[in-house]
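Peer 1: predicted model and sequence below, questions to follow.
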Amino acid sequence: MDDKDGNYCTVCGGVVPEGPAIRKILIDGKEIGIDHLDRILGDVIALGLSREDEVREEVLRRVRAFNYVPTKKADAYAAALMAEYRQAAAGQKRPQE
């Protein structure tokens, strides 16, 4: 292996992104790195969308702007992303005093 070889995605063949903006989540039982996930979730939470279908669509749209999402896996990605969204949204709620 020489310096031209790298770490390539087994799904899309692209270079695997790395760095602090990448967070790995389980999608269909596989650990997948999602670029800018925390920022995306925070931005969508700030929109204050009330319908789950709107949230799901918006999160997936924004994830696709930074990440390859295979068409056949879109539903699995959306389900995993919604679980992450719910966790992030619950963490941002403050108990009433």
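Peer 2: Sure, I can see it. Numbering: from 1, shown residues only.

Peer 1: low-confidence stretches in the protein?
Peer 2: Counting by pLDDT under 70, the chain shows low-confidence ranges at 1-20, 93-97.

Peer 1: what does the longest helix seen in it rub up against?
Peer 2: Using DSSP state H, we find that the single longest helix of the chain is helix 74-92. If you take Cβ atoms under 8 Å, 6 or more residues apart in numbering as the criterion, helix 74-92 is touched by 25-28, 34, 37-38, 41-42, 44-45, 52, 55-56, 59-60, 63, 69. C-beta here means a position set from N, CA and C on the backbone, and glycine is covered the same way.

Peer 1: how does it look with 10 Å?
Peer 2: By Cβ atoms under 10 Å, 6 or more residues apart in numbering, the residues outside helix 74-92 that reach it are 23, 25-30, 32, 34, 37-38, 40-42, 44-46, 49, 52, 55-60, 62-64, 67, 69-70, 73.

Peer 1: strands of the protein, start to end?
Peer 2: Listed in chain order, the strands of the chain (DSSP state E) span 22-27, 30-35.

Peer 1: take those and write them to CSV, including mean neighbour count and distance to residue 85.
Peer 2: Converted to CSV, the strands of the chain look like this (neighbours: other Cβ atoms under 10 Å; distance: least, Cβ to Cβ, whole Å):
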stretch, mean neighbour count, distance to residue 85
strand 22-27, 15, 11
strand 30-35, 16, 12
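
Peer 1: want to try a markdown table for those, with distance to residue 79 as columns?
Peer 2: Output for those, formatted as a markdown table (distance: least, Cβ to Cβ, whole Å):
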| stretch | distance to residue 79 |
| --- | --- |
| strand 22-27 | 8 |
| strand 30-35 | 13 |
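
Peer 1: picking that back up, what subset of the contacts of helix 74-92 is buried?
Peer 2: 23, 27, 32, 34, 37, 40-41, 44-45, 49, 55-56, 58-60, 62-63, 67, 69, 73 (16 or more other Cβ atoms under 10 Å).

Peer 1: select from these every entry located in helices.
Peer 2: Using DSSP H, the buried ones among the contacts of helix 74-92 in helices are 37, 40, 41, 44, 45, 55, 56, 58, 59, 60, 62, 63.
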